[in-house]
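> Any chance you could fold what I've pasted below:
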Amino acid sequence: MGQSAGFRLRIEPLKAAHVTNYPQGGEHQAMLPPSTLQTLLVQNWVSGLGGLIRSPLTTRTLRVLTLLETASSQQDQLLALALLRPGNRRSTCWQLDLLQVRTPERFSRSQALQLLIQGAMKDPVAQSPSWLVRCDPLDRITLDVLRESGFQPLLQRRIWRAPETSSAPSEQPSLACPEGIQWMPVSRSNVKPLLSLEQSSISPQHRQIIDRQWIDLLDRRQGSLVLMAGVDREPVAIAGLLNRPWGLDASRYEFVRAPAWDARISAAFSAILQRWGMRGRPLELLVNEDDHSMQGELERLGWTSGGSELLLGRSLWRRVSQREPAGLRSLETMLGHLQPQHPPLPTPTLAPRR
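From the prediction side, this is the model:
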């Protein structure tokens with residue numbers, strides 16, 4: 001809790017009073033409609049059951065915290081919201097999204113952000129050892145506060161938006177995937193190859209923080225697709241379009257692929273985009289900033305870049321390298337008995353002195 005000349009900052013879960021007093025209009029407002037706030041209020045109540053009941057329902061709902069600026073002579077002012085969502089079924093990793101409503105009057109923005117981030121990581125419902133947060137890479141204030149709070153950059157992704165369809169679906173020629181590959185909904189039969197594909201596309205530190213298992217991909221498989229090769233023989237996943245809801249952004253997909261570019265991805269991607277365009281589905285696609293091949297493909301198809309987002313992580317897990325397998329001793333331990341830095345003591349002898 002921060003204090004300054006009769007004013008103070010405090011954090012508390014979203015309540016009905018916050019929805020009633022939510023400001024309408026304003027320069028820095030997050031512009032959330034009342035219906036969205038009411039939905040968040042219900043989800044916050046359901047998420048509170050997560051400490052008692054672990055179920056797919058409680059791991060899909062949002063936990064909402066509010067940052068308030070209070071004074072004895074004034075009404076509480078809502079400054080920001082923190083949206084918390086479990087990243088896996090075991091709730092060992094949580095996603096954090098920060099929404100600013102208005103600028104503090106008596107505190108700096110960095111002070112307010114730091115208090116809100118610390119309050120989120122200490123939330124009794126979350127109680128998570130690992131956290132993920134997204135941030136605009138050009139927002140230096142938020143980046144500095146996140147680094148001071150122990151977050152480290154994991155991945156930078158470029159945001160791409162689909163072009164508007166200019167012709168009727170019946171006028172568009174039908175596109176098909178190349179022979180031998182096929183887009184398939186994520187299911188139990190292909191989720192494990194998809195998990196291996198995703199893990200090969202991120203760093204070991206990133207894998208450790210998200211602590212994702214195949215059941216977590218199944219829990220959020222709605223709308224997700226995997227591009228499988230060798231469907232009739234040994235199936236291999238070569239690319240994936242994964243549904244990645246974050247905060248209030250529901251229509252987000254992330255493109256993942258193996259480290260080596262497969263030329264068949266171009267035709268397969270064009271085919272699936274045409275299918276989505278016919279259904280009128282609004283798309284926002286996340287692509288690794290270093291994936292120049294895929295970004296060139298999107299430019300060729302008429303997609304537009306909407307900026308970038310930086311993914312940062314923080315974890316309290318012990319590093320795997322710090323755990324020694326049972327029955328094995330380190331080299332330093334074995335050499336320590338030899339003590340080469342000490343000269344050997346003279347061996348006593350029974351020969352008579354001269």
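
> Identify the residues contacting the residue sitting nearest the centre point of the chain.
Compute the mean C-alpha point of the chain, and by C-alpha atoms, centre = their mean the closest residue is residue 132, 4.9 Å away. Taking C-beta atoms under 8 Å, 6 or more residues apart in numbering as the contact definition, residue 132 lies against 87, 93, 94, 95, 96, 154, 209, 210, 311, 312, 313. Quick note: C-beta positions are derived from backbone N, CA and C, even for glycine.

> Wait, the second one touches residue 128, no?
Yes. Applying C-beta atoms under 8 Å, one finds residue 93 in contact with residue 128, separated by 6.2 Å.

> which residues make contact with stretch 243-256 from outside it?
32, 36, 62, 83, 85, 95, 97, 99, 134, 157, 197-198, 201, 220-224, 239-242, 281-288, 291, 294.

> So which of the residues you listed sit within helices?
Taking DSSP state H as the definition of helices, these contribute 36, 197, 198, 294.

> Wait, the third one touches residue 212, no?
Yes. The pair formed by residue 198 and residue 212 meets the contact definition of C-beta under 8 Å, at 7.4 Å.

> all strands of the stretch 151-300 of the chain, in order?
Listed in chain order, the strands of the stretch 151-300 of the chain (DSSP state E, counting those that start in this stretch) span 152-161, 181-185, 225-229, 236-243, 253-257, 284-288.

> Show me just the buried residues among the contacts of stretch 243-256.
Neighbour counting over these (16 or more other C-beta atoms under 10 Å) leaves 32, 62, 83, 85, 95, 97, 99, 134, 157, 197-198, 201, 220-221, 223-224, 239-242, 283-288, 291, 294 as the buried ones.

> got the contact list for residue 155?
Applying C-beta under 8 Å, 6+ apart as the definition, the contact partners of residue 155 turn out to be 202, 203, 206, 288, 289, 310, 311.

> of the strands of the stretch 151-300 of the chain, which approaches residue 274 most closely?
Within the strands of the stretch 151-300 of the chain, the stretch nearest residue 274 is strand 181-185; the backing value is 11.5 Å (C-beta to C-beta).

> Tell me which residues are up against that closest one.
Judged by C-beta under 8 Å, 6+ apart, the contacts made with strand 181-185 from elsewhere in the structure are 177, 190, 221, 224-229, 231, 238, 264, 268, 271-272.

> Tell me which helix or strand residue 308 sits in.
strand 304-315 (DSSP states H and E).

> Tell me the helices and strands packed up against that strand.
In this structure, strand 304-315 packs against strand 130-135, strand 152-161, helix 204-210, with contacts taken as 3 or more C-beta pairs under 8 Å, 6 or more residues apart in numbering; DSSP states H and E.

> now the shortest one: how far from the chain's centre is it?
Which is strand 130-135. The chain centroid and the centroid of strand 130-135 are separated by 6 Å under C-alpha atoms, centre = their mean, to the nearest Å.

> Following element in sequence after that strand, please.
Once the chain leaves strand 130-135, the next helix or strand it forms, by DSSP H and E, is helix 140-148.

> if we look at that following helix, which residues are touching it?
Residues beyond helix 140-148 that count as contacts (C-beta under 8 Å, 6+ apart) turn out to be 98, 109, 110, 113, 114, 117, 133, 135, 136, 137, 310, 312.

> Buried members of those into ChimeraX, please.
Selecting only the buried entries of the contacts of helix 140-148 in ChimeraX, with 16+ other C-beta under 10 Å as the criterion:
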select :98,109,113,114,117,133,135,310,312
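
> As CSV, the contacts of helix 140-148 with pLDDT and distance to residue 258 would be great.
Putting these into CSV (pLDDT from 0 to 100; distance: C-beta to C-beta, whole Å) gives the following:
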residue, pLDDT, distance to residue 258
98, 92, 33
109, 91, 41
110, 93, 40
113, 94, 37
114, 94, 39
117, 95, 35
133, 96, 27
135, 93, 28
136, 93, 29
137, 95, 26
310, 96, 23
312, 97, 25
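
> Low-confidence bits of the protein, can you list those?
Under the criterion pLDDT under 70, the flagged ranges of the chain are 1-6, 21, 23-31, 48-60, 72-73, 165-176, 231-232, 250, 277-282, 317-354.

> for the contacts of residue 155, which one is nearest residue 7?
Where those are concerned, and distances follow C-beta to C-beta, residue 7 has its nearest neighbour in residue 310, at 31.7 Å.

> ok, that closest one to residue 270 distance?
29 Å (C-beta to C-beta, to the nearest Å).
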